[in-house]
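Trainee: Generate a structure from the sequence data that follows.
(chains A and B)
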Amino acid sequence: MRHFTAPVASNILLCEGIYELTFAWETGMVPPLPGQFCTIRVSSATSPLLRRPFAFSGFDRVKRSVSIVYKKCGPATEIMAGKVGADTLDVIGPLGNSFAQCAWGKTNLLIAGGTGFGPVFFLKHYLMELNKPSRMILGCKTSAQLPQSAHLNSPTAFVCTEDGSEGFMGTTVDYLKSLQKEQLYQATLFCCGPTPMLKACYDFAATRGLQCHVSMEQYMACGVGACMGCVVKVHGDNPFARVCTEGPVFNGAVIAWT
Amino acid sequence: MDLTIQIGDKRLSNPVGVASGTFGYGSEYEELIDFSAIGAIYTKAVTALPRSGNDVPRMVETPSGMLNSIGLANVGVERFCNEKMPYLSKLPCAIIPNVAGSTADEYRAVIERLESCPDVWGYEINVSCPNVKHGGMAFGADPALVEGLVGMLRKKTPRPLIVKLTPNITDITLAAKAAQGGGADAISCINTLVGMVIDVKKKGTALPGKTGGLSGPAIRPVGVAMTYAVSRAVTIPVIGIGGIMGAEDALQYLLAGAWAVQIGTGNFVNPSIARETADGIAAFSKQENLTCIRDFHRFIP
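Mentor: Below you'll find the predicted structure:
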């Protein structure tokens, strides 16, 4: 990890309230992996005070730039949405573990909800480079929340909307339940999105004996493992694990779901 | 210009430390900072046995601050000595374990074990912990308990004893005098303020334990006022803590009567803040022709 100042390359609206911000990745730094994140101090003011964590949504080796996807949903992301090309960002990263540490399945089901499509796009691209088969399932409430992205043009990308305005009508888990047994044969799930979706994906996988890896979210202060603030409940001798350090990617079986 | 600080019979090379609970066991920040720029690392609290900490969520941001309820999550003194001290021993700054307990015996047990670690510089005694033998009231809320606890620990170690006071008390100067009376070498002032955040949508508290400790720039004026009061009530050095986000804030504490400062929440925002603060204090001292920390104390009566 490094603490650095990065020039903003672009900051574009992808869909309703959701942006993708791209910034320069310093030369000499190891490339980020899908599932990893960075923290950004959005302004030098004392409110909002804490750095905010953002998962990477892509890495461009040629341009040496990284992207993050975020939803404008509070004072910090309001400031983020106002960043333009001439601005710089105060970044610490890359942080946390990644999906890349997980064992791949015979097929890999990449499931995203809300802004979770960012890290899932990154993982999809990563798996393509590794020549590993994957199927991407992206869920949202309505088609206005679907990003304009080339990733969705792939024949292995599937869209679920709860109102049926595009693609499969229902949730991502409803979609999973619609798959045939052979489509799930030795599949491994990789999930990023709201916690209820992660739990539902894990429950789906567990009842079918499938591996399921989830990217957890929690309020975060330091982002480097020092403050013990961002823990989630897990099974094991220590009932808590830090999202910023032991995570954010966990095997779903480790999480003590509530 | 001499910005070293005498505490007990030892000296800190630099007046800027990093506060307990905000810097883990040091290694977490290894890739981000220059440890030689830090005067002292006050470690994550150490208790006799490991503690897993409080339920989640453990923190929430507040206006210019944050509320936390970590619950002294730590590895316990045995693992601290065996797993954390070997790393900490190699760092070029003073290592000051923050000692916590639910009973006086627990504080004693922690210090007795730490006495066998040669690279421990001194101890910071966290008297904000609930005392299970006194209905959960914090040790620090009762000056007689503070004096008794510090007096008992004083007999266990020749190393500097720094007592970290809670601000959640009617008159902090009474606790400070009690700490000095018990034999403390310095006072850390202040720990977090009790606060509560309510999630209106959920109609419940943001933290499952209902209240938490408020820190960050929001509490700085409280910390400065208490540092001012405590530094006039005792003759031992006072270490100012609360909302320091850079040199200007640290200078407020020094001018109020502090001999040193600790940075807490600010580390989360800017890991280089301790170095920047130390550099800023040195630059100000040079510019204002202040030759030692004592020189800061002559401006405000």
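
Trainee: Residues of chain B that sit close to chain A?
Mentor: Within reach of chain A by CB under 8 Å from any CB of the partner chain, chain B has these residues: B:21-24, B:28-29, B:31-32, B:44, B:52-53, B:56-61, B:63-66, B:68, B:70, B:73, B:216-218, B:245, B:265, B:267-272. (C-beta placed from N, C-alpha, C; glycine too.)

Trainee: Buried ones among these?
Mentor: Among these, the ones that count as buried by 16 or more other CB atoms under 10 Å in any protein chain shown are B:21-24, B:28-29, B:44, B:53, B:56-61, B:64-66, B:68, B:70, B:73, B:216-218, B:245, B:265, B:267-271.

Trainee: any idea how far B:Pro221 is from B:Tyr253?
Mentor: Computed as CB to CB, to the nearest Å, the B:Tyr253 to B:Pro221 distance reads 11 Å.

Trainee: And for B:Leu88?
Mentor: When distance is defined by CB to CB, B:Leu88 is 33 Å away from B:Pro221.

Trainee: So these two - more neighbours on which side?
Mentor: The residue with the greater number of neighbours, taking B:Leu88 and B:Pro221 and applying other CB atoms under 10 Å in any protein chain shown, is B:Leu88; the counts read 21 against 12.

Trainee: Return the per-residue confidence for whichever residue of the stretch 1-150 of chain B sits closest to chain A.
Mentor: For the stretch 1-150 of chain B, the residue positioned closest to chain A under CB to the nearest CB is B:Gly24, at a distance of 3.4 Å. The score at B:Gly24 is 96. That number is its pLDDT.

Trainee: Do a quick rundown of the helices in the stretch 151-300 of chain B.
Mentor: B:172-182, B:220-233, B:247-256, B:265-269, B:273-287 (DSSP state H, counting those that start in this stretch).

Trainee: In strands only, show me the buried ones among the residues of chain B next to chain A.
Mentor: Applying DSSP state E to those, the entries found in strands are B:Met59, B:Val60, B:Glu61, B:Gly65, B:Met66, B:Asn68.

Trainee: which residues does the residue in the stretch 151-258 of chain A that chain B sits nearest to contact?
Mentor: Residue nearest to chain B within the stretch 151-258 of chain A: A:Ala226 (3.4 Å; CB to the nearest CB). Going by CB atoms under 8 Å, 6 or more residues apart in numbering or on different chains, A:Ala226 touches B:Thr22, B:Phe23, B:Gly24, B:Glu28, B:Tyr29, B:Lys44, B:Asn267.

Trainee: so where's the stretch 1-150 of chain B uncertain?
Mentor: The model of the stretch 1-150 of chain B has pLDDT under 70 over residues B:136.

Trainee: Enumerate the residues of the stretch 1-150 of chain A near chain B.
Mentor: Remark: the part of the stretch 1-150 of chain A in contact with chain B comprises A:Met1, A:Arg2, A:His3, A:Arg41, A:Thr46, A:Ser47, A:Pro48, A:Leu49, A:Leu50, A:Arg51, A:Asp90, A:Ile92, using CB under 8 Å from any CB.

Trainee: which one is the first one nearest to, not counting chain neighbours?
Mentor: With CB to CB, 6 or more residues apart in numbering or on different chains as the criterion, A:Met1 has its nearest non-adjacent residue at 5.0 Å, and that residue is B:Glu31.

Trainee: how many other residues sit next to residue 176?
Mentor: No chain in the question, so chain A it is. In terms of burial, A:Leu176 registers 23 neighbours under the definition other CB under 10 Å.

Trainee: Chain B, not that one
Mentor: The burial count assigned to B:Ala176 is 26, neighbours taken as other CB under 10 Å.

Trainee: Chain neighbours aside, what residue packs nearest to it?
Mentor: Nearest non-adjacent residue to B:Ala176, counting by CB to CB, 6+ apart: B:Val230, 4.4 Å away.

Trainee: Please verify my assumption that the one you found contacts B:Cys189.
Mentor: Yes - distance between B:Val230 and B:Cys189: 5.0 Å, which falls inside the contact criterion (CB atoms under 8 Å).

Trainee: Perfect, I'm done here.
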